[in-house]
Structure formats: C-alpha cells, structure tokens
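Enquirer: Sharing a model prediction with you, sequence too.
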Amino acid sequence: MTGTVAVVGSFNVDHVWRVDALPVPGATLAGSYSTGPGGKGFNQAVAARRSGAATVFVCALGNDAGAHQARALCDTDGIELHAARADAPTGTAGIYVDAKGTNTIVIGAGANAALDPAFACKALAGADGPRVVLAQLETPMETVAAVLAWAMASGALAVLNPAPANADVPVRLLECTGVLTPNETEFAALLATHGIADIAPDRVPALDDARLHAWCRALLPRGTVVITLGAAGCFVSHPDTDAKGDACAAYRVPAPSARVVDTTGAGDAFSGSLCSSLARTPVAPFRTHVEFATAYAARSTEAFGAALAMPRT
Ligand code: RIB
C-alpha cells in the first residue's frame, strides 16, 4: 500500500457571480462573472495533491471544453486521472458569492451522473495501492457505495465527505466508512435520515460535546466523525475504543483566523488535505491530521475560486 490518495467524484465547470448580497426570489442583481474548475471531487483531489500526497482522481467527463480543462489541470498539478467518457456534457455549477464570502450553489450533474461503479472500481484497482479512498455525493449513490466497499475490502481507509446534504445516504454506505466529514448541515441531515435526532443545522456548533459525541457514535459506531464548523473549527468523535482497546475521546479543534474572501470549496480543502495527511503520515495522532486540515482549509478561503484556490504547501 502506498501513500496515495484516490478521490472518486465530480468535476464541474464553475460559473461564478460575485454579488454584494445573495439573490432573493424575484431579484435581478449586477455581479462580476468568472469561470473556473470545481466539483467537490476535483477540488478535493487538488487539495490532496497540493498538500503533498500522490493523488489519483476518478471521474466522468463529457467530450467538450470542460473535459479538456480537467485533463489539462490534472497534467499541470500531477494528478493521475481516470476519466470515463460520458454521453453528456461535463458537469457544471452556478455559484453566487456574496461580500462576506458566503455562497449558494446550483449543480448541473451532467457527466457526473454517468460515473458507474464498475468503471470506478476498475480504476481504483488499477491505481497504485491507495492508502486512502475519498468520495462525496455528487456522483451516483451506488458508485459511492461500491467505491467505499472496495476501499474497505482492500484495506484502504474509506473517507466519505457526505456533501452535498442528501437525505438518501443508506446505512450500508456508512457501514463501509472509516472517517466521515460532514459540515453542520450535512450532519443534521444524516441525523434526521437515520432517526437519531431532529436538530436545526445552526444549532449544531453550540451543542455540548457529550451530546454530539453520542449522536456521532449512533451514526457511525465503528468510525471517526469530523464535523466541520467553518470559522469555529471542527468537532471530532472517535469510536469509544481504538484498535488497541484504549479509550478514545471527543474534542474540538479551533480554526486559525483567516481573511476570508470566498468559502467555496473550503469543505473540499478540509477533506482533501485531511486525506493527504492521513496517507502521508498514517502513524501520526489523528488530532494532528485534523489540525493540518483545519489550517489548510482556512488558507483556502483567502483566495477566490474553488480548485484554483487550493494552497500549495
Ligand atoms: O464544494 C464546492 C463545489 O461544489 C463547487 O466547486 C461546485 O462545483 C460544487 O460541486
């Protein structure tokens, strides 16, 4: 097994409007427009690579300018690309970013919806023994499930970033997950889906650690949950005992301050760099991986854009 991260997920061409305030229904706004590479999968692959890990990216692309852009960027960044050719346009996203760096995103899945389990698992089998396999939810659920099951069967660490929030995440998928990295919205959605709790996302950061830990344990009994909380850092919940039988704990990791211009892709920066750290130095304490990823994600918010905002370490 090598210190490689394999990311299976989406590539999107992001169409971005910077506006003073996010649009409300019926509004027509003036904003400045730009376009750039994105997609949660690609952003995470770029973060993993730029934070130091050998990286494989498995995705589906159309036959268009977006696909050429994805190939060129993988070449430039040294990411090993395995792309299925889809009979659909490459994925797109429309993004509004306000003056505080907050965003609203609409996705057109396009080719991402055509990434099938057989292609993804074959690509993983052809990669150089990845130590960590990372997936999100912008590709079909059966593909995500197959990829996580492949990781578990091959002895790799299976990491799931359950984004965007999706009510249909099945238990069998969580059963294959070693590390889960939701933000507060995704965490609240998972709690509701699995009948654990009904909580408003904005209440999650202020909840006491004991309650969060209990809910994390109910959601992922044998795995680690890292809830990302934006500027408040993150909350970590380990299984009650680790592999050596030692008692484990729940704890918070604060985020360093940042001059935020754009939070788009900050969660991707976190998951990608967390996996990079886990793959490169697997024996280090988990908390050090989380500290590394928290700092990396904070830096990613200081530049505009998604994949291209990922810092180089
Ligand atoms: O997480 C940010 C990403 O979400 C954007 O790059 C957009 O493409 C959507 O996938």
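Expert: Thanks, I have the structure now. Numbering: from 1, shown residues only.
Enquirer: Contact residues of this protein facing the ligand?
Expert: The chain comes close to the ligand at residues 10, 12, 14, 38-40, 43, 93, 105, 107, 138, 264-265, 268, 306, as judged by C-beta under 6 Å from any ligand atom. Backbone N, C-alpha and C define where each C-beta goes, glycine included.
Enquirer: again, only this time at 5 Å
Expert: N12, D14, G38, G39, K40, A93, G265, D268, A306 (C-beta under 5 Å from any ligand atom).
Enquirer: Show the contacting residues for the nearest residue to the first one once chain neighbours are set aside.
Expert: For N12, ignoring the flanking residues on the chain, the nearest one in space by C-beta to C-beta, 6 or more residues apart in numbering is G39 at 3.7 Å. G39 makes contacts with G9, S10, F11, N12, D14, C59, G91, A93, N112, E138, A306, A307, as judged by C-beta atoms under 8 Å, 6 or more residues apart in numbering.
Enquirer: now, which of these sits nearest L160?
Expert: Set against L160, the nearest of those by C-beta to C-beta is G9 (10.7 Å).
Enquirer: Tell me, how many residues neighbour that closest one?
Expert: 30 (other C-beta atoms under 10 Å).
Enquirer: Which secondary structure element is home to the closest residue to it other than its chain neighbours?
Expert: Excluding its sequence neighbours, the residue lying closest to G9 (C-beta to C-beta, 6+ apart) is G41, at 2.0 Å. Assigning secondary structure by DSSP states H and E places G41 in helix 40-50.
Enquirer: Could I get the average pLDDT for that helix?
Expert: Helix 40-50 comes out with an average pLDDT of 98.
Enquirer: Give me the helices and strands touching that helix, please.
Expert: Contacts defined by 3 or more C-beta pairs under 8 Å, 6 or more residues apart in numbering; DSSP states H and E place helix 40-50 against strand 2-8, strand 54-61, helix 65-77, strand 130-135, helix 266-280.
Enquirer: quick check: angle from that helix to strand 54-61?
Expert: With axes from the mean of the first three to the mean of the last three C-alpha atoms, to 10 degrees as the basis, helix 40-50 and strand 54-61 are set at 160 degrees to each other.
Enquirer: list the contacts for the residue in the stretch 1-150 of the chain positioned nearest to the ligand?
Expert: For the stretch 1-150 of the chain, the residue closest to the ligand is G38, as judged by C-beta to the nearest ligand atom, at 2.4 Å. Residues in contact with G38 (C-beta under 8 Å, 6+ apart) are F11, N12, V13, D14, A93, I95, T264, G265, G305, A306, A307.
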